[in-house]
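Student: Fold the following and give me the result.
(one chain, ligands or ions: 1)
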Amino acid sequence: MTALPLPSLRDVHLARRRTAGLLRRTPLVQGEALSEANGAPVYLKLESLQETGAFKLRGATNRLLCLSEEERARGVVTVSTGNHGRAVAFAARRLGLRAVVCLSELVPENKRAAIRALGAELCVIGRSQDEAEVEAKRLVQEEGMVYVPPFDDPHIISGQGTLGLEIVEDLPEVEEVLIPLSGGGLLAGIALAIKGSLPNTRVVGLSMERGPAMYHSLQAGKPVAVTEEESLADSLGGGIGLDNRYTFPLVRDLVDDVVLLSEAEIAAGMRHLFHEERLVSEGGAAVGVAALLAGKAGGEGRTTATIISGCNVDMKAFLAVVS
Ligand SMILES: *Cc1c(COP(=O)(O)O)cnc(C)c1O
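Tutor: Predicted structure coming up:
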């Protein structure tokens, strides 16, 4: 298979046209307390209100719409820490495709149940994303299914980028965008949209201190492996793939800064969103707010937008953090 070129702003526009009517345009709302603390307006892009509870539906929908007739007939398989699997399951059901989701035993039960409820076949295997991936590769080789990667794919990246186009339209004066960063599909897509339209706007990636794969890879100048650790930001765990083709070069070239957050800072972000903004967010979605509260981002008078990337948190765990 020949590799596709890196996606561009044009691909993000095409993704938007292709997915029209299949995705929610999520609200961008001002956070009053955060704006006051920042000394400049702070807006929250509520992807937690996207169908399936996270932005990943954007990339998955765009990817499945790019399948050929023959690929659609074979069905899709993916590996996921939760939200991507949920998005693939949802998009596949809507398009009438068979979907198998492989995930590790570390993925919380609430996320598994949600995928099953969406009609996908679940395959729970191993203690890491890598082990689940071996099973997915077997399904591709032996059953001819089509693998849908969670981030390192041009159509996934341009699908996530549609979120960035909405920010550009709703807040053309934005000066800084704070983006949760794991594999980098979300950041790469949004950065294509933002830098292509507003070249002076800063794009900042946010990861947790516990196992930030993209951060270490950027430092090393090439993709490196990290040890997976448990974190409140479980959606940000996992590696970027040693054979990474798309998100590493795009993030490297487009990101202005990467900030790491402690578990206590992430918890403070979740608490703030709940008590001040009345919003339920998962740890991985609260990192932008966490960075603002910790003084690790903002504070320089820039109009800022932060992505509240998802709300699929185990409710018992969530209530333990916010109460
Ligand atoms: C997947 C995910 C992220 C990170 O996205 P990447 O494209 O892997 O960088 C952030 N927040 C949530 C809620 C996610 O599900």
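Student: Show me how this protein divides into domains.
Tutor: Domain ranges of the chain: 9-55+153-322, 57-147, per automatic domain parsing.
Student: Check whether the shortest one comes near the ligand.
Tutor: Yes - with C-beta under 6 Å from any ligand atom as the threshold, domain 57-147 lies in contact with the ligand, specifically through Asn83. In short, each C-beta sits where N, CA and C put it, glycine included.
Student: Quick one: end-to-end length of that domain, please.
Tutor: 16 Å (C-alpha to C-alpha, to the nearest Å).
Student: what does stretch 289-308 give?
Tutor: Start-to-end, stretch 289-308 (C-alpha to C-alpha) is 9 Å.
Student: mean confidence score for it?
Tutor: Stretch 289-308 carries an average pLDDT of 96.
Student: Would you mind checking which helix or strand in the chain has the lowest mean pLDDT?
Tutor: helix 109-117 (a mean of 84; mean pLDDT, DSSP states H and E).
Student: hang on, the earlier thing: any chance of the domains of the chain in TSV, plus mean neighbour count?
Tutor: TSV is the format used below for the domains of the chain (neighbours: other C-beta atoms under 10 Å):
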stretch	mean neighbour count
domain 9-55+153-322	21
domain 57-147	20
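Student: Out of these, name the one with the poorest average pLDDT.
Tutor: Taking the mean pLDDT of the domains of the chain, domain 57-147 comes last: a mean of 91.
Student: Check which helices and strands the next helix or strand after the least confident helix or strand of the chain sits against.
Tutor: Of the helices and strands lying after helix 109-117 in sequence (DSSP states H and E), the nearest is strand 121-124. Applying 3 or more C-beta pairs under 8 Å, 6 or more residues apart in numbering; DSSP states H and E, one finds that strand 121-124 makes contact with strand 99-103, helix 109-117, helix 129-143.
Student: Redo the ones you listed as a markdown table? Include distance to Gly31.
Tutor: Shown next, in a markdown table, are the helices and strands packed on strand 121-124 (distance: least, C-beta to C-beta, whole Å):
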| stretch | distance to Gly31 |
| --- | --- |
| strand 99-103 | 33 |
| helix 109-117 | 26 |
| helix 129-143 | 33 |
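Student: I'd like to know which of the ones you listed lies nearest to Gly82.
Tutor: Nearest to Gly82, of all those, is helix 109-117, at 3.5 Å by C-beta to C-beta.
Student: Next, the angle strand 99-103 makes with that closest one.
Tutor: With axes from the mean of the first three to the mean of the last three C-alpha atoms, to 10 degrees as the basis, helix 109-117 and strand 99-103 are set at 160 degrees to each other.
Student: The helices and strands packed on strand 121-124: which one's closest to Leu44?
Tutor: Across those, closest to Leu44 is helix 109-117 (C-beta to C-beta), at 22.9 Å.
Student: Now find how far off-centre that closest one is within its chain.
Tutor: 18 Å (C-alpha atoms, centre = their mean, to the nearest Å).
Student: Pull the residues that contact it.
Tutor: When contacts are defined by C-beta atoms under 8 Å, 6 or more residues apart in numbering, helix 109-117 is touched by residues 80-83, 85-86, 89, 101, 103, 122, 124, 312-315.
Student: The stretch 101-250 of the chain: strands as residue ranges?
Tutor: 121-124, 146-147, 176-180, 202-208 (DSSP state E, counting those that start in this stretch).
Student: would you turn the domains of the chain into a markdown table with distance to Ala3?
Tutor: Putting the domains of the chain into a markdown table (distance: least, C-beta to C-beta, whole Å) gives the following:
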| stretch | distance to Ala3 |
| --- | --- |
| domain 9-55+153-322 | 6 |
| domain 57-147 | 14 |
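Student: Quick check on Ser182: phi, psi?
Tutor: The phi/psi pair for Ser182 (degrees, to the nearest 10) reads phi -130, psi -90.
Student: Quick check: the closest residue to it other than its chain neighbours vs the ligand, distance?
Tutor: Once flanking residues are discounted, Ser182 sits nearest to Leu236: 4.2 Å by C-beta to C-beta, 6 or more residues apart in numbering. The gap separating Leu236 from the ligand is 6 Å, by C-beta to the nearest ligand atom, to the nearest Å.
Student: Let me see the contact set for Leu236.
Tutor: Neighbouring residues of Leu236 by C-beta under 8 Å, 6+ apart: Pro180, Leu181, Ser182, Ser207, Met208, Pro212, Gly283, Gly284, Val287.
Student: dump the residue contacts of the third one.
Tutor: With C-beta under 8 Å, 6+ apart as the criterion, the residues that contact Ser182 are Phe151, Ser207, Ala213, Met214, Ser235, Leu236, Gly237, Gly238, Ile240, Gly284.
Student: Does Ala87 touch Arg63 like I think?
Tutor: No - shown here, Ala87 and Arg63 do not form a contact pair, counting by C-beta atoms under 8 Å, at 9.5 Å.
Student: quick one on the thing from earlier: in the contacts of Ser182, find the pair that's most separated.
Tutor: Farthest pair in the contacts of Ser182, by C-beta to C-beta: Ile240 and Gly284, 15.1 Å.
Student: ok so, going back, which ones among the contacts of helix 109-117 map onto strands?
Tutor: Val101, Leu103, Leu122, Val124 (DSSP state E).
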